[in-house]
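S.K.: the sequence and its predicted three-dimensional model are supplied below.
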Amino acid sequence: MAVTGVNYSAAASSNNTSSTKTSQDLGKDDFLNLLVTQLKYQDPLSPMEDKEFISQMAQFTSLEQMKNMNNSVQITQATSFIGKQVTWADSQGNEMSGVVKSVKIVNGEARVLVGDQTLELKQILTVSEVATTPAVA
């Protein structure tokens, strides 16, 4: 589709002023806003062809499936940390460690709970088995 004189990014962002994104990733809402903006500003004498629309919907479906698969992998990875010793750097750069007690899902992303700390998976530096002391007979 060739539309001249339309800035899709500015038009799409003006439609989504109520939410603030903290991530640089494009999500399904961004994709749908872009698609709606394309339809809204298309040339009536040369409308979007069915093939283009179907292609964009297929890309959207593929994007959503990949995001769901990524979330599943994150949850699986996080649950595999339960009972393991992890290390991470705190906000001052000090290395901390503790045993993962549970997993929490926050805004669709897996977080691990270590003591009173909630950590994102990307914060974790190392994962190891908990050292056990042999029983004294």
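M.R.: That came through, no problem. Numbers count the residues shown, from 1 in each chain.

S.K.: next helix or strand past the helix ranked longest in the chain?
M.R.: With DSSP state H applied, the helix covering the greatest number of residues in the chain is identified as helix 50-80. Sequence-wise, the next helix or strand downstream of helix 50-80 (DSSP states H and E) is strand 85-89.

S.K.: quickly run through the sheet partners of that following strand, with directions.
M.R.: Next to strand 85-89 in the sheet, as set by DSSP bridges, lie strand 95-99 (antiparallel), strand 124-128 (antiparallel).

S.K.: circling back to that earlier point, the longest helix of the chain - contacts with which helices or strands?
M.R.: Where contact means 3 or more CB pairs under 8 Å, 6 or more residues apart in numbering; DSSP states H and E, helix 50-80 is packed against helix 28-40, strand 102-106, strand 109-114. Heads up, the C-betas are built off the backbone N, CA and C, glycines and all.

S.K.: which of these sits most buried?
M.R.: Highest mean neighbour count among those (mean count of other CB atoms under 10 Å): strand 109-114, with a mean of 20.

S.K.: can you point out the buried residues in stretch 70-80?
M.R.: Neighbour-count burial for stretch 70-80 flags 74-75, 78 (criterion: 16 or more other CB atoms under 10 Å).
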